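>>> I'll drop the sequence and a predicted model, then ask my questions.
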Amino acid sequence: MVIPGIEVFLKNTPSWARGKRIGLLCNQASVDRGLRHSSFLIDEAFKGQLKAIFSPQHGLFSQKQDNMKESSHFFHEELGVPVFSLYSETRAPKDDALGLIDLLLIDLQDCGTRVYTYIWTMLLCLKACAKNDVSVAILDRPNPLGGVEVEGNILEKGLFSFVGIAEIPMRHGMTMGELSLFFRDAFSLDLELFVIRMEGWKREMYFDDTGLIWVLPSPNMPSFETAIVYPGQVLLEGTNISEGRGTTRPFLQFGAPFLRQKEIKKELGDFQGIVLRDHIFEPTFNKWQGKECYGFEIHVTDKRKFRPYRFTLAFLSAVNRIQKEDFSWLPPPYEYDFHNLPEDLIIGNKDVRKALERGTEIDGLEPILQGDERLFIEKRAPFLLY
């Protein structure tokens, strides 16, 4: 059984936390093994010290759907503290909010994918805290996809946005604590930073190996199985193909009214670790709302063999070879970027997107992917804690 950072922190309270005015960045998935929320645990353990709560994209209760759906600031009546939304008119904490605290605790469940915005909320908090002389402690949690596999091209600096503000690949294989150390070094932050390590977590562990209960960290991440496919299926957000939003199986099912299933499936061939089943669905909101979509459902049979990023790249390439006249990339905006193609921000490399447009098969992209993966594995090595 893995013991998350919040429990380790409360079991062995460090001296640097005593007497400090505390802020907590969290959401509904910030719980201990008994599903008790971190905010109440901190308030109980540090009487009178919790002064502010900060929430990431989707809100404190993960109630807000989709991208660029902002959540509001409010006052938490039960805890008696303000809640500052970091997905509102700002994505970084403001100076006046940080003026209320001496120490920011960050307790968020990441999904192991570069475009999942919680790691970027963390980075913006690190930068703001460095500026305001506020200490930061990361209460570490498992990377649900494990800490071994790295997959994808490295994000290019020219395509930095709220779905990527550092040069990392789509599947980074690091915990939030490890990433915080990586970011502090990459941005040369003068910051007092502590990482409260988990107990019992090993790099080869996926989430279902930890003994922890999955609490959805965002509305369209309802299950661990969703997290497995997400590093690839998130690419569909930048296209006119539904990624399954508006259904009960987001990212696991995908398609469009125009998709020719048999031709696409034949072109794709077999992928290790999954069975691709023909499927028809009708989204209740988002792309193709109320329209029958012809597509597929991904059934994961071996999570360790499946390479989600390569799978969806191969799918998009196949669609461009077979149905180029029906397919399109969506226009801006995407995550507050009003200039770049959303797909360029998601993939993080325009050359890869252009190769997909030409119908380049996945083997033709391997030199970029494998080269960047080897480079990142070397770059991340000094910051690994487990």
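The structure has been received and is ready for your questions. Numbers count the residues shown, from 1 in each chain.
>>> going forward, measure contacts between C-alpha atoms and count neighbours the same way
OK.
>>> Surely residue 142 touches residue 201?
Yes. Assessed by Cα atoms under 8 Å, residue 142 is found in contact with residue 201 at 7.1 Å.
>>> which residue sits closest to the most centrally placed residue in the chain, ignoring its sequence neighbours?
With distances taken as Cα atoms, centre = their mean, the chain has residue 116 as the residue nearest its mean C-alpha position (2.1 Å). Residue nearest to residue 116 in three dimensions, not counting chain neighbours: residue 163, with 6.6 Å by Cα to Cα, 6 or more residues apart in numbering.
>>> give me every residue that touches residue 316.
Residues near residue 316 by Cα atoms under 8 Å, 6 or more residues apart in numbering: residue 356.
>>> likewise residue 63?
Neighbouring residues of residue 63 by Cα under 8 Å, 6+ apart: 218, 219.
>>> same thing with the one 10 residues further on?
With contacts defined as Cα under 8 Å, 6+ apart, the neighbours of residue 73 are 82, 83, 84, 85.
>>> can you do 6 Å?
Contacts for residue 73 (Cα atoms under 6 Å, 6 or more residues apart in numbering) come out as 83, 84, 85.
>>> How about residue 343?
Residues counted as contacts of residue 343 (Cα under 6 Å, 6+ apart) are residue 238.
>>> Could you report the distance from it to residue 238?
Distance, residue 343 to residue 238, by Cα to Cα, to the nearest Å: 5 Å.
>>> Would you tell me which helix is longest in this protein?
Using DSSP state H, we find that the single longest helix of the chain is helix 362-380.
>>> Identify the residues contacting the nearest residue to residue 368 once chain neighbours are set aside.
Excluding the flanking residues, the one nearest residue 368 by Cα to Cα, 6+ apart is residue 153, at 6.4 Å. Contact analysis of residue 153 by Cα under 6 Å, 6+ apart lists 169, 369, 372.
>>> go with 7 Å
Residue 153 is in contact with 169, 170, 368, 369, 372, 373, counting by Cα atoms under 7 Å, 6 or more residues apart in numbering.
>>> Touching, the first one and residue 152? I think so.
Yes. With the criterion set as Cα atoms under 7 Å, residue 169 and residue 152 qualify as a contacting pair; they are 5.1 Å apart.
>>> ok, residue 277 - how many residues close by?
By the criterion of other Cα atoms under 10 Å, residue 277 has 14 neighbours.
>>> Strand partners (parallel or antiparallel) of the helix or strand hosting it?
When elements are assigned from DSSP states H and E, residue 277 belongs to strand 274-281. Here strand 274-281 has these sheet partners by DSSP bridges: strand 293-300 (antiparallel).
>>> Output the strand it pairs with as CSV - backbone C-alpha positions only.
Listed next in CSV are the C-alpha coordinates belonging to strand 293-300 (Å, rounded to 0.1, in the frame of the first residue of the first chain):
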residue,chain,number,x,y,z
CYS,A,293,-20.6,9.3,-34.3
TYR,A,294,-19.0,6.3,-35.9
GLY,A,295,-15.8,5.3,-34.3
PHE,A,296,-14.2,3.0,-31.8
GLU,A,297,-13.8,2.2,-28.1
ILE,A,298,-10.4,1.4,-26.8
HIS,A,299,-10.3,-1.7,-24.5
VAL,A,300,-6.9,-1.8,-22.7
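>>> Using PDB, write down the CA coordinates of the next helix or strand after that strand.
Per DSSP H and E, the first helix or strand lying C-terminal to strand 293-300 is helix 308-322. Backbone C-alpha positions of helix 308-322 (Å, rounded to 0.1, in the frame of the first residue of the first chain) are rendered in PDB as follows:
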ATOM      1  CA  PRO A 308      -1.000   5.700 -26.300                       C
ATOM      2  CA  TYR A 309       0.800   8.600 -27.900                       C
ATOM      3  CA  ARG A 310       1.900   6.500 -30.900                       C
ATOM      4  CA  PHE A 311      -1.500   5.000 -31.200                       C
ATOM      5  CA  THR A 312      -3.300   8.300 -31.700                       C
ATOM      6  CA  LEU A 313      -0.600   9.700 -33.900                       C
ATOM      7  CA  ALA A 314      -1.100   6.600 -36.100                       C
ATOM      8  CA  PHE A 315      -4.800   7.100 -36.100                       C
ATOM      9  CA  LEU A 316      -4.600  10.800 -37.100                       C
ATOM     10  CA  SER A 317      -2.200   9.800 -39.900                       C
ATOM     11  CA  ALA A 318      -4.500   7.100 -41.100                       C
ATOM     12  CA  VAL A 319      -7.500   9.600 -41.200                       C
ATOM     13  CA  ASN A 320      -5.400  12.000 -43.200                       C
ATOM     14  CA  ARG A 321      -4.500   9.300 -45.700                       C
ATOM     15  CA  ILE A 322      -8.000   8.000 -46.100                       C
END
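>>> what pLDDT, on average, does helix 308-322 get?
The pLDDT scores in helix 308-322 average 98.
>>> Can you show me the helices along the stretch 201-350 of the chain?
Counting by DSSP state H, counting those that start in this stretch, the segments of the stretch 201-350 of the chain that form helices are 224-233, 261-268, 308-322, 342-347, 350-357.
>>> So which of those is nearest residue 132?
Residue 132 lies closest, by Cα to Cα, to one member of these: helix 342-347, at 29.8 Å.
>>> Filter the contacts of residue 153 down to just the buried residues.
Buried members of those, scored by 16 or more other Cα atoms under 10 Å, are 169, 170, 369, 372, 373.
>>> From residue 285, how far out is the closest residue to the fourth one other than its chain neighbours?
So that's residue 372. The shortest distance from residue 372 to any non-neighbouring residue, by Cα to Cα, 6+ apart, is to residue 153 (5.3 Å). To residue 285, residue 153 is 31 Å away according to Cα to Cα.
>>> Show me what the helix or strand of the chain with the lowest mean pLDDT pairs with in its sheet, parallel or antiparallel.
None of the helices or strands of the chain scores lower by mean pLDDT, DSSP states H and E than strand 74-76, at a mean of 94. Here strand 74-76 has these sheet partners by DSSP bridges: strand 81-85 (antiparallel).
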